[in-house]
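1. take this sequence and fold it.
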Amino acid sequence: MNLTWKRTLRTSSSERFFALHQGQDAAAADLHYLANGTIAGTVITLKNSGIKDEDIPALLSALDDEFLPDVELSHGNLT
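-> The predicted model follows:
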């Protein structure tokens with residue numbers, strides 16, 4: 001899956017990104033950096049974006065690789 005990520009909002013404790021797929025907005029990701037060192041995130045895929053259920057793991061992996069190099073679900077610091 002070919003995604004381009006664009007940061008649309010940044011505060012001291014959160015960020016929002018849009019994923020573009022084939023030139024169209026395809027997904028939104030909100031990341032919240034909590035005081036205890038963990039990150040809580042929400043990803044929403046947009047209707048008619050061309051993203052299928054089987055594309056979700058690749059989308060999450062792309063977000064993780066690009067913006068979350070120091071956190072992992074298996075380490076308990078990402079929800």
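2. just give me how far the worst-scoring helix or strand of the chain on mean pLDDT sits from the chain centre.
-> Counting by mean pLDDT, DSSP states H and E, the weakest-scoring helix or strand in the chain turns out to be helix 56-67, with a mean of 85. Offset of helix 56-67 from its chain centre (Cα atoms, centre = their mean, to the nearest Å): 6 Å.
3. can you tell me, leaving aside adjacent residues, what's nearest to Gly37?
-> Asn77 (6.3 Å; Cβ to Cβ, 6 or more residues apart in numbering). Any C-beta I mention is one placed from the backbone N, CA and C, and that applies to glycine too.
4. how about the top strand by length along the chain: buried residues?
-> Longest strand in the chain, counting residues (DSSP state E): strand 24-33. Judged by neighbour count (16 or more other Cβ atoms under 10 Å), strand 24-33 contains these buried residues: 26-27, 29, 31, 33.
5. output the contacting helices and strands for the next helix or strand after that strand.
-> Using DSSP states H and E, the helix or strand that follows strand 24-33 in sequence is strand 39-45. Using 3 or more Cβ pairs under 8 Å, 6 or more residues apart in numbering; DSSP states H and E as the contact test, the elements touching strand 39-45 are strand 24-33, helix 56-67.
6. contacts made by the first one with the rest, please.
-> Contacts with strand 24-33, where a contact means Cβ atoms under 8 Å, 6 or more residues apart in numbering, come from 3, 13-21, 39-46, 49-51, 59, 63, 67-68.
7. orientation of the longest strand of the chain relative to strand 39-45 in degrees?
-> Angle, strand 24-33 to strand 39-45, by axes from the mean of the first three to the mean of the last three Cα atoms, to 10 degrees: 160 degrees.
8. can you say which of the contacts of strand 24-33 are buried?
-> 3, 15-19, 21, 39, 41, 45, 49, 51, 59, 63, 67-68.
9. Leu9: which of these is nearest?
-> Distance to Leu9 across these (Cβ to Cβ) is lowest for Arg16, with 4.0 Å.
10. strands paired with the helix or strand hosting the closest one, and their directions?
-> Assigned by DSSP H and E, Arg16 belongs to strand 14-21. Using DSSP bridges, the strands paired with strand 14-21 are strand 3-10 (antiparallel), strand 24-33 (antiparallel).
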